[in-house]
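Q: Dropping a prediction and its sequence here:
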Amino acid sequence: MIDAHAHLWLKQQGTVNGLPVYDVGNGKSMFGDGVRQMMPPYMTDGVNSAERFLANMDFARVSAAVLTQEYIDGNQDAYLKTVRKTWPDRFRVTCLYEENRLPDTEGADGIKICGGRLAEQDLTKHAEVFRLAAEKDMFIAIDMADGDTQTGSLREMIRAFPELRIAIGHFGMVTRPGWQEQIRLAREKNVSVESGGITWLFNSEFWPYPSAVRAILEARDICGMEKLMWGSDYPRTMTVITYGMSSSFAERSEMLTDEEKNLFLLENARAFYRFGPQPEMSVIHHMAE
């Protein structure tokens, strides 16, 4: 499997709504005006490292992952580029677009745009970052504002840069009204959708998230299964489920065919993010078996 949406940091130092986000120990972070469990509690030192993630990946039989970014974690460009250099076969990484300042793209594979957090929500006003990614043959990873708030302006950017690969995150904010409008953008040639955060969005239902699987099927009918990719949103979603559970809801579902699972969990991301052939991951038997 390939995970299309995960986060890493050595030190969290971000912001939300103008307030600070930082580690306070035992996997908890100050999140604006309150404390939230940001990581599993055994991450006592607040370090969300590649080594810890690789241990989870190996156990869950995930061969590779895409490291995205978020303002709430702070700019992690330097660390992610080091991770990319150290494990080139296992990771693709993004650099973070911070409003009105183009990122340093050296050593990165893509650029992350936190679309829903931009002060200027009209994405055509950020055309320079789309142009930069197109010129560098990078991909854009974008988490959009709910519903169709930004779909019109993103469509303009898609058509202005038709060869640019764009991955829409959080499965279009699938539990929000109008999410299908984001999925419809994936009818365009180089646009895909990844499911990072889908278990968070369906958290009230919990594993095995049958409504999430039904949403995947609805998206399939809108844009085609070949445009949909699995993502975990590690480590935030691991406060509720294990890393393996973030994919097994789809892997074990009887609503998806074996071919659909293979596309969703592996092949679509392998092609979109330009990974090489993926090795068969060994099964690690656990103590409950």
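A: Nice, thanks for sending it over.
Q: Give me the distance from the biggest helix by length in the chain to the chain's centre.
A: As assigned by DSSP state H, the longest helix anywhere in the chain is helix 210-223. Taking the mean of its C-alpha atoms, helix 210-223 sits 18 Å from the chain's own mean (Cα atoms, centre = their mean, to the nearest Å).
Q: ok, the following helix or strand past it: who's next to it in the sheet?
A: Sequence-wise, the next helix or strand downstream of helix 210-223 (DSSP states H and E) is strand 228-229. Next to strand 228-229 in the sheet, as set by DSSP bridges, lie strand 191-194 (parallel).
Q: ok, back up a step: what's the longest helix of the chain in contact with?
A: Outside helix 210-223, the residues that touch it by Cβ atoms under 8 Å, 6 or more residues apart in numbering are 171-172, 174, 180, 183-184, 186-187, 193, 195, 198-199, 201-202, 205, 228, 249-250, 253, 255-256, 260, 264. For the C-beta atoms, the positions are set from N, CA and C on the backbone; glycine is no exception.
Q: hmm, 7 Å instead?
A: Defining contact as Cβ atoms under 7 Å, 6 or more residues apart in numbering, one finds that helix 210-223 is touched by 171, 174, 180, 183-184, 186-187, 193, 198-199, 202, 205, 228, 249-250, 253, 255-256, 264.
Q: what distance separates the start and the end of stretch 272-289?
A: End-to-end distance of stretch 272-289: 36 Å, with Cα to Cα, to the nearest Å as the criterion.
Q: Only the buried residues of that stretch, if you could.
A: 272-273, 275, 278 (16 or more other Cβ atoms under 10 Å).
Q: same deal with stretch 131-141?
A: Going by neighbour count (16+ other Cβ under 10 Å), the buried part of stretch 131-141 is 132-134, 138-141.
Q: Just to be sure, which of those are found in strands?
A: Counting by DSSP state E, the buried residues of stretch 131-141 place 139-141 in strands.
Q: Just give me how far stretch 127-146 sits from the chain centre.
A: Distance, centroid of stretch 127-146 to centroid of chain: 15 Å (Cα atoms, centre = their mean).
Q: wait, Leu132 sits on Leu102?
A: Yes. With contacts counted by Cβ atoms under 7 Å, Leu132 reaches Leu102, the gap being 5.7 Å.
Q: start to end distance for stretch 134-145?
A: OK, stretch 134-145 end separation, Cα to Cα: 22 Å.
Q: again with stretch 82-93
A: 10 Å.
Q: Pull out the buried positions in that stretch.
A: Result for stretch 82-93 [16+ other Cβ under 10 Å]: buried residues 83-84, 90-93.
Q: Residues in a beta bridge with the closest residue to Arg270 other than its chain neighbours, which ones?
A: Setting aside the residues directly before and after it, Arg270 is nearest to Ile2 in space (Cβ to Cβ, 6 or more residues apart in numbering), at 5.8 Å. In this entry, Ile2 is beta-bridged to Ala64, by DSSP bridges.
Q: Tell me how many other residues crowd Ile2.
A: Ile2 has 25 neighbours, counted by other Cβ atoms under 10 Å.
Q: Report the contact partners of it.
A: So Ile2 contacts 63-65, 266, 269-270, 275, 278 (Cβ under 7 Å, 6+ apart).
Q: of all those residues, which comes closest to Tyr97?
A: Distance ranking of the contacts of Ile2 against Tyr97, using Cβ to Cβ, places Ala65 first at 20.4 Å.
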